[in-house]
Structures are given as C-alpha cells and as structure tokens.
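Participant: fold the following for me, if possible:
(one chain, ligands or ions: 1)
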Amino acid sequence: MSRVEALEKVTGRGKYAAEYTVPGVVHSVMVGSTIPHGKIKRINTEKAKRAEGVLEIITHEHKPLVHGLSTEALIQETRFGLPVFHTDTIQFKGQPIALVVAETLEEARYAASLIQAEYEVLPYEVDFDAARKKVALNPAGKDRGEGWKEAAHSVEAEYHIATEVHHPMEMHATIAHWVDDTHLKLYDKNQGVNNVQRTIGRLFNIPPQNIEVFSEFVGGGFGSGLRVWSNALAAVMAAKAVKRPVKLMLTRQQMFSLAGYRPAAWQKVKMSADAQGKLVSVHHQAQNATSQYERFSDGITRVTRLIYHIPNVRTEESIVPLHMSTPTWMRGPGDCTGDFAIESALDELSYKLKIDPVEFRYRNLALDKHPENGLPWSTNYVKECIEIGARKIDWDKRSPEVGKIKEGDWQIGYGMAVGAWNAGRGNASAGMSLDAKGNLIVKTAMTDIGTGTGTGMMNMAQEFLGIPTHKIKVELGHSSLPSAGSQGGSTGLSSISGAVNAAANELKGVLLTLAQKIDASFGTAQAKDLRLSEAGLVFGDKQISYEKLFAQNNDQAIEVEASSGPGEERRKYAFLSSASHFVKLGVHAQTGKVKILQYVCVADGGKIVNTQAAANQMSGAVVGGIGMALMEEAVVDPKAGGWIGDDFAGYHFAVNADAPLIEIEFVNKPDVNINPSGAKGLGEVGIIGAAAAISNAIYHATGKRLRSLPITPDKIL
Ligand code: MOS
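Facilitator: Sure, this is the predicted structure:
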C-alpha cells in the first residue's frame, strides 16, 4: 500500500516549512563569521542598513534580549548550547554574527553581503587528528571480565571516519510569527514538534503550549532535526524585532555548520580469539570530535557490548573539542561508527583463523541474552538475518580466497557485516475521531520525516480496529495534536503503536456503550471482540450501523485520546533490532573505482507494519551506508578553519547511480513484549554494518584492508 501522503508529496500540495503562505512575511539571511575563533571587535552594518528593503539587522550589539541566553546559567538550562547573537565570542567559522531582515529574500541576501566584521583572531584548533592525541581516553563502561585478555589469535588496528553531514533534501527552515506578545506560530523543519515547543519556550520564557508548531511534511532528517538550531531562534528573534512574520532558511552551505553532522572519529580495536574461533576479548578505544561549547559524545563503543558474547571487554572513549560547530546524532549515531571498526576487525580475525566470516559470527553471537546487562532478549533474530542474507547472495558459492575472482578489469569481492541497535520505545499519545459516516482520523504530534510513520499509523489503526484503510485519514506533525516524542533512534513507530492501540481500545469502549443501549446482545462483548466494518460496529455475527450508533450520540463525532509508553517489560527483557549486510562489488584494477554490484540487507525489526515503507527506509539507509563507505567526507580547512568544498560539488554522497537494486528482506516476526504492534523499529540498522560490509568486500576483492572512511579510489590504489 502506498504512502498516505504520497499524492500531496508528488503534487507539491504538501507544504514544507518554508513553503507556508503567511501574510506579511518578510525574509532573512544569516551572516556567518569568517574566522574560527576570536572576538568580534567591530561589526559594520551601516551600508547594509541603507540597502533597499532592509527592515532590521540583528547583531550581538543590537538585538531583542533572549531570556534563555541572557545569563551563563540560563544558557546551560536551555541546553541550546550556542548563545547566538548574545556574545562577541566566535567559536567556529560560520557562527551567526548577524541576521538581515528585508522585504524580499533578494534584498536580504544583497544586504547581508555588505556586512563586514573586524575580529581579534585567537589561536584555534581544527585538526582532529592533531588535537585528539592530546586528549586522554576514559573508561566507557565497566570492564567485562578481565578487560583486555590475550589469546591464541589477535588483531589490532586503527580506524578513521571522516566527518559526514546529514544533508536532508529540505534545508532547515523556520517561519516565525508572533500572534501577540506571548503566542507564537512556528512553521519549522524538525523531527519533533514538542521538542521545538519546549526549547523555544525555555529560550523565550513562554509556556510551551503558547507555541504552535507546524511540521506536517519534513523533507528528511537523519538526526539533524532532533535539535533546535540557530535558524529557529534567529527567526523568532527577528519576528519579535520587526513585528512581522519572518522566514529564515539555511543555505546548503550553512547546512554544513548550522545543523550538526556526524563527527570525525578515531578508533583502535584489539580483538582476540581462541583456536576454536571463540572471541576472548576486545579492547575498543574511540574518540570523536566536538565543539568548544558543547560536549557531544557519539557513544561509539556502545555497540561493542551489544552483539557478541565476549567474556573480556574494555571500552574507552573521549571527545576532542575543536573550533568547529557542534556535531549531533546522525543515521545510526555512534553504533554506525563503532560497528565499522568492530565488524572490520572481526572480518580480519576470521581470515587469520581461517574460519568463514559468517561461521565466525555464528560462533560468537550473543543470542540468549544481552551480553552486558544479562537480560534475556525478548526476540533476537541476528542469526536468521545472516542466514537469509547469505542465501540470497550465494555466499557459500563464492570463492572464499582473497583476490581470486575477476571479471575483465574488475576484481570481484564479497563482504558481510552485522548491525544492531537497542530497540527503544518512548511515551506517546494518539487521538482518534470517528464521525457518523464511519470515517476515522488518527492523530499524533509525531512527525513523519519520510519514513512512513503516518502510513504505519493507518496500518495499525486498521489492524486494531478492523476498519478498512480507505476510511482512515492521518493527521500528524502539529503541536496541537496528541503529544509524542521526537522521531529518532528508530523509536517512532514502536512508540506510537502503543498509543494507537490504546486509542483504538478507548474508541471501541465508547462505541460499545452506545451499542449496548441499542442491542442487549452487545452486553457480553469486550473491546477486543469488537471490529469496525465499513458500515458499523461488529460483534460476532451482529452489526449495528454507524447511523444507529451515532444517533445515540446526537450524531456527534466521537473523540478519544490515549497514551502509552514503555513499562515493566523493560525490566524483564532486552530489545534488539538487527540486520545483516551482504555485498558483492567490483574494484576496477586501473582506477580503483568501486562499483556495488549486489546489496542484500536482511533486517529484524519485529513485525513489519508496512512492507513498502519499511523497505524504502531500509534501502535509503543502505544508500547512506554506501555514501559513508565510499564517498562522504566533509573536509576541514586546516589553515582557515571551517569546511572546504561545502556544497554538493565538494561533498559527495551516494545517489541512485551509485547503488544497485538493493534487496531488502525482513525476518518479520513480531516481538510481542515490546508494544502492541510487535514492531521493534528499523532505520538505524539499515546503515549500521554497511560500511564494514563494503570494506570487507573490498578486502576480499583486492587483499587490501582499508580502515579509513571514505574508501576513495586513491586509498585503494
Ligand atoms: Mo536518527 S539519528 O534516529 O534521526
């Protein structure tokens, strides 16, 4: 079944944040600092002020005071991180130093080009590799067993990951409209409208419920929308100053420094196994870059304690402050980075042991319980994921020897890796409204960032109520709807399923009360025995039409709302989503070009609520993984700070032409403990494992073990 929002999306009727028509709206453009560290000595706005159409120029010297940024303590409290326009201190290149507001976008952009700042330049550090060597590692979690332990076979290597940037198709944008002094409307690109309410509420010292957030259509997120960034703050400030609605959209270049990124990382893995191919120990060290003003830790070694039974584990991490903007969660945050190193090391060790990489994993999977906290898995189908994937790519039929398969100028290689992610669930509410014609609206504030949340909600409502899908409409991504957490960490559908289920039961309860007034035989019914058909409420072989039912309700629509969240089950079980990644690729002998020939990803996300949407999400994640492995790299300018090539010519990611037909398959077994739908969450596991599978396949093709992402042709040759 197609997406509920498909028609609105492809016809352009669905509105993204910056596309709303707000009467009287004016436009704004952000001006960024040209140095990575220092103080603004003087900022010359005179020429810009005189330019045509200019209404206002906000700088740290001329601004409406933002409550949440007015003291050091409040800045900590708001957790906004960056005191935009409230300091003369510059901590990264591109830090907003001015906002120009004008009648038109062109006028604002021209005036912005006239603004000049003089700085006192202070020493800065933007070189992650140089800086990280000065930062000590700290324990990340308790040693398991003896920590590090030698064994018959071992590998030891360092791994590097370049900075990657989310780059959703829709740039971050906000239209801010003060309705009065304490009420605000925000048309905003984000992954959680309630989070936007809270953050902006804290900053401007108004109750969150005074802020109405519209985010019905979101053009991708990948984690960049899990925080509120300077564009929202600046638009709200400007709207206050000019007393008109203000629109602000980041440019593609600004997306490199003003909406987070996956931080560059260094890792070192030591891994040992006995002669029987049982893992004995792993020692995993990791460092990731962060900014000077926030301590972002990606949690890179978390995954090391998750998938395999390893009796001795030591993990250490630290973060490395640079004069760069703050990184944030991005597609399989942390685990994606850590998994690359761990699954590469496993592959390397398997060749040393002369055990097939698949078999080596089978011998070490922690299939009974969470290897760290000891809780039994509610469900764990990692092994099934591997088995199905191996079968689909004909793993056993390949020549296991390294560098042996050739097709013309191409060296062919097969590689595999495993990805896993703690399957989470948050609190969420959902509403339902049923009218006298039997039309149902299912509602939640949760956004749909392109993953198919709304479609999944429709499928779940259909399952829980029985009502045909053509009678169902979905409303989401708006703050007046029943509250929900942000859409992230592969928790969206898992969280909302409980709420949709609870609302469905409420609705049945109300209908049952009405039915019992009409037909005494409904007296013995319970909510679970009831079904909503096209025409009415069904109990066994009895049906009461909507017309009759609603006559009992003065023909008024029935409105219910219910909440649900994680509970006792979290103390009894551990929950895991997982995936296997299998790759067949070619490496061109002369140019070092890598061509992915076949990609199989088999995932366990519990019950698959909507196969098309789930498969879309997974193949999209795999394309992200191909980008991570082979292309994506934001390059820092070591002299001037900031990024080099901060546009789509300089920053490459995988497009359809770089991806084969990606085969997605699901184990599709419900996890009955996690939530009423049995869905565990997908998304993250579509990228966690991809980079290692590709790197492992390049090794199989060429005999070259490459441990620095992205694996560009220069590294292969
Ligand atoms: Mo994602 S990093 O769960 O948006």
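Participant: quick check: the gap between whichever residue of the stretch 351-500 of the chain sits closest to the ligand and Val4.
Facilitator: Of all residues in the stretch 351-500 of the chain, Gly488 sits closest to the ligand, at 3.6 Å by C-beta to the nearest ligand atom. Every residue, glycine included, has its C-beta placed from N, CA and C. Gly488 sits at a distance of 21 Å from Val4 (criterion: C-beta to C-beta, to the nearest Å).
Participant: equivalent analysis for Arg227, please.
Facilitator: Shown here: Arg227 relative to Val4, a distance of 27 Å by C-beta to C-beta.
Participant: could you point out which element follows the one helix or strand Ala345 maps to?
Facilitator: Take DSSP states H and E as the rule and Ala345 turns out to sit in helix 335-353. Next in sequence after helix 335-353, counting helices and strands by DSSP H and E, comes helix 357-362.
Participant: now that next one, how far from the centre of its chain.
Facilitator: How far helix 357-362 lies from its chain's middle: 29 Å, per C-alpha atoms, centre = their mean, to the nearest Å.
Participant: in it, which residues are buried?
Facilitator: Applying a neighbour-count criterion of 16 or more other C-beta atoms under 10 Å, one finds Pro357, Val358, Phe360, Arg361, Tyr362 buried in helix 357-362.
Participant: the residue nearest to the third one when sequence neighbours are not counted and Val269, how far apart?
Facilitator: Leaving out its chain neighbours, the residue that sits closest to Phe360 by C-beta to C-beta, 6 or more residues apart in numbering is Ser350, at 4.0 Å. Applying C-beta to C-beta, the value for Ser350 to Val269 is 14 Å.
Participant: neighbour-wise, which of these two wins?
Facilitator: Regarding Ser350 and Val269, a neighbour count based on other C-beta atoms under 10 Å identifies Val269 as having more, with 26 against 22.
Participant: surely that one is in contact with Glu343?
Facilitator: No. Counting by C-beta atoms under 8 Å, Glu343 is not a contact partner of Val269; they are 10.0 Å apart.
Participant: in this structure, what residue comes closest to the ligand?
Facilitator: Gly223 (2.8 Å).
Participant: can you report how many residues lie near that residue?
Facilitator: Applying other C-beta under 10 Å, we find 25 other residues in the vicinity of Gly223.
Participant: assign the residue nearest to it when sequence neighbours are not counted to helix, strand or coil.
Facilitator: The shortest distance from Gly223 to any non-neighbouring residue, by C-beta to C-beta, 6+ apart, is to Trp329 (4.0 Å). Three-state secondary structure (criterion: DSSP: H, G, I helix; E, B strand; the rest coil) places Trp329 in coil.
Participant: gap between Ala503 and Arg3?
Facilitator: In this view, Ala503 and Arg3 are 21 Å apart by C-beta to C-beta.
Participant: who's sitting farthest from the centroid in this structure?
Facilitator: Of all residues in the chain, Ala520 sits farthest from the chain's C-alpha centroid, using C-alpha atoms, centre = their mean; the distance is 50.8 Å.
Participant: now that residue: how far from Tyr546?
Facilitator: When distance is defined by C-beta to C-beta, Ala520 is 20 Å away from Tyr546.
Participant: now the closest residue to Ala461 other than its chain neighbours: which helix or strand?
Facilitator: Sequence neighbours aside, Val442 is the residue nearest to Ala461 in space, at 4.8 Å (criterion: C-beta to C-beta, 6+ apart). Assigned by DSSP H and E, Val442 belongs to strand 440-443.
Participant: enumerate the residues of the chain near the ligand.
Facilitator: If contact is defined as C-beta under 6 Å from any ligand atom, the residues of the chain in contact with the ligand are Gln191, Gly221, Phe222, Gly223, Leu226, Trp329, Met330, Arg331, Pro333, Gly488, Gly489.
Participant: same thing but 5 Å
Facilitator: Applying C-beta under 5 Å from any ligand atom, we find that the chain lies next to the ligand at Gly223, Trp329, Pro333, Gly488, Gly489.
Participant: tell me who's in contact with the last one.
Facilitator: Spelled out, that is Gly489. In this structure, Gly489 makes contact with Trp329, Gly424, Gly681, Glu684, judged by C-beta atoms under 8 Å, 6 or more residues apart in numbering.
Participant: can you list these in a markdown table and add neighbour count, secondary structure and pLDDT?
Facilitator: Formatted as a markdown table, the entries for the contacts of Gly489 read as follows, by neighbours: other C-beta atoms under 10 Å; DSSP: H, G, I helix; E, B strand; the rest coil; pLDDT from 0 to 100:
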| residue | neighbour count | secondary structure | pLDDT |
| --- | --- | --- | --- |
| Trp329 | 23 | coil | 98 |
| Gly424 | 20 | coil | 96 |
| Gly681 | 26 | coil | 94 |
| Glu684 | 29 | helix | 97 |
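Participant: Asp409: which of those is nearest?
Facilitator: The shortest separation between Asp409 and any of the contacts of Gly489 is 36.3 Å, and it belongs to Glu684 (by C-beta to C-beta).
Participant: name the residues of stretch 421-430 that are buried.
Facilitator: In stretch 421-430, the ones that count as buried by 16+ other C-beta under 10 Å are Trp421, Asn422, Ala423, Gly424, Arg425, Gly426, Ala428, Ser429, Ala430.
Participant: buried sites along stretch 291-307?
Facilitator: Those buried within stretch 291-307 under the rule 16+ other C-beta under 10 Å are 291-294, 296-307.
Participant: any idea how far apart the tips of that stretch sit?
Facilitator: The first residue of stretch 291-307 is 31 Å away from its last residue (C-alpha to C-alpha, to the nearest Å).
Participant: now do stretch 60-78
Facilitator: Stretch 60-78 has an end-to-end distance of 19 Å (C-alpha to C-alpha).
Participant: what are the contacting residues of it?
Facilitator: Contact with stretch 60-78 is made by 40, 43, 45, 58, 80-81, 83-88, 97, 199, 202-205, 233, 237, 240-241, as judged by C-beta under 8 Å, 6+ apart.
Participant: can you give me how far it is from the chain middle?
Facilitator: 29 Å.
Participant: go on, stretch 683-690?
Facilitator: Between the mean C-alpha location of stretch 683-690 and the chain-wide mean there is a distance of 11 Å, by C-alpha atoms, centre = their mean.
Participant: can you check stretch 275-295 too?
Facilitator: Put simply, stretch 275-295 sits 21 Å off its chain's centre (C-alpha atoms, centre = their mean).
Participant: quick one: average pLDDT of that stretch?
Facilitator: Looking at stretch 275-295 alone, the average pLDDT works out to 98.
Participant: and Ala503, helix, strand or coil?
Facilitator: Taken by three-state DSSP, the conformation at Ala503 corresponds to helix.
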